[in-house]
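S.K.: A predicted structure for the sequence below; I have some questions about it.
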Protein chains: 2
Amino acid sequence: MKSVFAPRGTTEQIEEGRVFAPKFDGDGLIPAIVADAWSGDVLMLAWMNDEALVRSIETCEAWFYSRSRGKLWKKGESSGHVLRIIELKVDCDQDALLLRVEQVGPGVCHTGRASCFYRAVSLRETAGHTLLLQFKKAEKVFDPNVVYGEGAGKDKTAE
Amino acid sequence: MKSVFAPRGTTEQIEEGRVFAPKFDGDGLIPAIVADAWSGDVLMLAWMNDEALVRSIETCEAWFYSRSRGKLWKKGESSGHVLRIIELKVDCDQDALLLRVEQVGPGVCHTGRASCFYRAVSLRETAGHTLLLQFKKAEKVFDPNVVYGEGAGKDKTAE
């Protein structure tokens, strides 16, 4: 797939240069970390294709590509919880993005939480048996049934 | 590939349950965001396979899988810049991880920076032509030639 972005250069150009040349994977996607611009909290990880990245840059609002639904989506298109991009960063080898955002809504997770990362894995356990999760800051900050409509949040179509 | 982790359950079990059932992609990998546990700064995005995740949980030090080198690696194995895992979180659908870490060294990036996200993309530009990057907090906090050996950092073998 031809990208509208600059072609990849040498390692030196990619790492130390001023040209944005994002690397999309074999499926045409690049991972995008979303963090709150003010608190710094990591809110979610989503994926962008070429078009989602173009729209995000041009509008300063976060657009993603849903792998499960196979389509472009604007964060907040059904919930109203738009993410305004304050800063869009790229990593050293330009194959991952970091969006520092201002949230319009109370939270980003389709389950109704502030962040998608509301559970922690038990550490220093021996893997190979069932590992348990602990809920952390997992209180719901909005009701997904109200925001997305009954049942919509459950199959993540609410994204 | 058989995982040592619990099999995936229903959407309800995955999102609201206490069983850790991480989803690895078609290549057997799961993305892991790394953030400093104290400052909250997002430092890097790396990938784990089943074995890297097992070792990370058991040792509380970050292990990853290098896609470019096709092998397991412990962060800090050559630099000494080990990442101690304070908290390992998983997202709602359990296909992304967040490591909140305590850093032993001054920075995580193989280029010598504190974070791999040291450049920002110009926003509100029209994509389709060359987009420029601005360096942000991009000063080097260590010399990769000293830490990894001359030239090693340049092809990212220093990871």
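M.R.: Yep, that arrived.
S.K.: is the residue nearest the centre of chain A in a bridge, and if so with what?
M.R.: Taking Cα atoms, centre = their mean as the criterion, residue A:46 is the residue nearest the geometric centre of chain A, at 3.0 Å. Listed by DSSP bridges, the beta-bridge partners for residue A:46 are residue A:32.
S.K.: what residues are up against it?
M.R.: Taking Cβ atoms under 8 Å, 6 or more residues apart in numbering or on different chains as the contact definition, residue A:46 lies against A:31-32, A:34, A:62, A:64, A:75. Using the backbone N, CA and C atoms, a C-beta is placed for each residue, glycine as well.
S.K.: Tell me the pLDDT of the nearest residue to residue A:74 once chain neighbours are set aside.
M.R.: By the measure of Cβ to Cβ, 6 or more residues apart in numbering or on different chains, the closest residue to residue A:74 outside its immediate chain neighbours is residue A:63, 5.1 Å from it. Reading off the per-residue confidence, residue A:63 sits at a pLDDT of 98.
S.K.: ok, residue A:63 - how many residues close by?
M.R.: 24 (other Cβ atoms under 10 Å in any protein chain shown).
S.K.: likewise residue A:137?
M.R.: Taking other Cβ under 10 Å as the criterion, the count of residues near residue A:137 is 14.
S.K.: before we move on, back to that, if you rank the contacts of residue A:46 by neighbours, which is first?
M.R.: Highest neighbour count within those: residue A:34, with 27 neighbours (other Cβ under 10 Å).
S.K.: That one belongs to a strand?
M.R.: Yes: assigned with DSSP: H, G, I helix; E, B strand; the rest coil, residue A:34 falls within a strand.
S.K.: Touching, it and residue A:62? I think so.
M.R.: Yes: assessed by Cβ atoms under 8 Å, residue A:34 is found in contact with residue A:62 at 6.8 Å.
S.K.: if I look at those two, which residues touch both of them?
M.R.: Contact with both residue A:34 and residue A:62 is made by residues A:46, A:83, A:99, A:101, according to Cβ under 8 Å, 6+ apart.
S.K.: so what's the second one up against?
M.R.: So the one you mean is residue A:83. A:34, A:61-62, A:75-76, A:99, A:101-104, A:108.
S.K.: Buried among these? Need that as a selection in ChimeraX.
M.R.: Selecting only the buried members of the contacts of residue A:83 in ChimeraX, with burial defined as 16 or more other Cβ atoms under 10 Å in any protein chain shown, works like this:
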select /A:34,61,62,75,76,99,101,103,108
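S.K.: among the contacts of residue A:83, which are in strands?
M.R.: Within the contacts of residue A:83, residues falling in strands by DSSP state E are A:34, A:99, A:101-103.
S.K.: which one of these sits closest to residue B:127?
M.R.: Ranking the ones in strands among the contacts of residue A:83 by separation from residue B:127, with Cβ to Cβ as the measure, puts residue A:99 on top at 15.7 Å.
S.K.: Apart from its neighbours in sequence, what residue is nearest residue A:93?
M.R.: Using Cβ to Cβ, 6+ apart and skipping residues adjacent in sequence, the residue nearest residue A:93 is residue A:14, 6.0 Å away.
S.K.: for residue A:145, helix, strand, or coil?
M.R.: With three-state DSSP as the criterion, residue A:145 was assigned helix.
S.K.: Tell me how far it lies from residue B:150.
M.R.: Noted for residue A:145: a distance of 60 Å to residue B:150, by Cβ to Cβ, to the nearest Å.
S.K.: With neighbour numbers in mind, choose between those two.
M.R.: Between residue A:145 and residue B:150, counted using other Cβ under 10 Å, the more crowded position is residue A:145 (14 against 9).
S.K.: what's the distance between that one and residue A:63?
M.R.: Between residue A:145 and residue A:63 the distance is 25 Å, computed by Cβ to Cβ.
S.K.: Quickly list what residue A:101 is bridged to.
M.R.: Taking DSSP bridges, one finds residue A:36, residue A:85 as the beta-bridge partners of residue A:101.
S.K.: Right, I'll call it a day here.
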